[in-house]
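In: just the structure for this:
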Amino acid sequence: MSEIHVNRKRQDGFTFIEILVSIVILAVGLLSIAGLVTTVIKGNVSSKKTTTAIALAQTKIEELKNKPFTDSELEDTNASNNFNLSSTTSIDHSEEGIDENGEAGGYYNRIWNVANNIPSSGIKTVEVIITWQDNGAHSISFTTAIAE
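Out: As a prediction, this is how the structure comes out:
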C-alpha cells in the first residue's frame, strides 16, 4: 500500500464565525458606552442647573445684605411663615420665571422669606429658596441673618 500524502496548505486568517462573534462583542461594548455617555450628559445638565440655582440664591443674599435694613425687599410681609421660612407656599417675596442672570424668561423661581427679630431684636433672618423643574421638582435654600 502506498501512502497518499495530502499536502494541505495552512490557512491564515479568521473564519466567518469568529468575525461575527467579534462584531457582536464590539456592538455590546459600544451600546454599553453609549448608555453611559447619556447618563453622564444628563448628570452634567442637572449639575449645571443646581450650580445656577446656587448662584441665584447667593446673588439675592448679597443684594439683600447690601440694602438698607428698612428696604421693602427686607419686609416681613407674612408673619405666619416666621417659624417655617423654608415654605414655598406661604411667602414674603418672589421672582418667578427667571433665567440664570435673574432676568425674566427662565424656569427658576426665587423666593425669599423674612423673619423680623429672629433670633433676637435688630436682626432679620432671611431664607432664599430657588425652585425649578427638571425631571421632577428641585429646590435649594440658604439662610442668612442681617443685622440692623
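
In: number of residues surrounding Ile98?
Out: A total of 19 residues lie near Ile98 under the criterion other C-beta atoms under 10 Å. In this view, the C-beta of every residue, glycine as well, is placed from N, C-alpha and C.

In: just give me the neighbour total for Gly122.
Out: Using other C-beta under 10 Å: Gly122 sits among 10 other residues.

In: Val126 too?
Out: Residues near Val126, counting by other C-beta under 10 Å: 23.

In: how about it, what does it touch?
Out: Val126 makes contacts with Ile61, Leu64, Leu74, Leu85, Trp112, Asn113, Val114, Ala115, Thr143, Thr144, Ala145, Ile146, as judged by C-beta atoms under 8 Å, 6 or more residues apart in numbering.

In: among those residues, which ones are in strands?
Out: Taking DSSP state E as the definition of strands, the contacts of Val126 contribute Trp112, Asn113, Val114, Ala115, Thr143, Thr144, Ala145, Ile146.

In: and those residues, which are buried?
Out: The neighbour-count test (16 or more other C-beta atoms under 10 Å) marks Trp112, Asn113, Val114, Ala115, Thr144, Ile146 as buried among those.

In: what about Lys49, which SS state?
Out: helix (DSSP: H, G, I helix; E, B strand; the rest coil).

In: state the distance from it to Ser139.
Out: Separation of Lys49 from Ser139 (C-beta to C-beta, to the nearest Å) stands at 11 Å.

In: overlap in contacts, the two.
Out: Between them, Lys49 and Ser139 share the contacting residues Trp132, judged by C-beta under 8 Å, 6+ apart.
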